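> Need a 3D model of the following:
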Amino acid sequence: MDSLEKLLAELQTEYKEVQPQQQQSKSTTAKSFIPSSPKSASFMDNLLAEIKADFAEEDAAIELKKQQELEQKRIRQEQLKAKQLEALKVEISLKGKRQTSCLSS
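From the prediction side, this is the model:
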């Protein structure tokens, strides 16, 4: 029985030594996934700044396109008004000529 007790004591000692090592390796593994160096943080900041700049550039391009579309619409409306005004002037001119020709007849 003494040999069994010695073996059990050895196993318990080994088990107790292995447990803290496993916990320590788990915490180091978890830490390795977290960027802890200033270079990593700086890289992330730069990446985030680039992404923000890309979104701002895209938003500016969309806004510029909207402004250009509005300007084109305004120009088309002015051209349409000018055509309508010209057609109205021609119509008035023709009516005036008809009235004068009717009066002279």
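
> Can you say which helix or strand has residue 60 in it?
helix 38-104 (DSSP states H and E).

> Residue 17 - how many residues pack around it?
Counted with other C-beta atoms under 10 Å, residues neighbouring residue 17 total 9. Heads up, the C-betas are built off the backbone N, CA and C, glycines and all.

> quick one: it from residue 5, how far?
With the distance defined as C-beta to C-beta, to the nearest Å, residue 17 ends up 19 Å from residue 5.

> So for residue 91, what's the pLDDT?
In this model, residue 91 is scored at 90, pLDDT.

> Repeat that for the one 5 residues further on.
If you check residue 96, the pLDDT there is 79.

> and if you look at residue 34?
At residue 34, pLDDT is 54.

> now swap in residue 65 and tell me
Residue 65 carries a pLDDT score of 98 in this model.

> show me the contacts for it.
By C-beta atoms under 8 Å, 6 or more residues apart in numbering, the contact set of residue 65 is empty.

> Next one: it from residue 75, what distance?
For residue 65, the distance to residue 75 (C-beta to C-beta) stands at 16 Å.

> just residue 81 next, same as before
Between residue 81 and residue 75 the computed distance is 11 Å (C-beta to C-beta).
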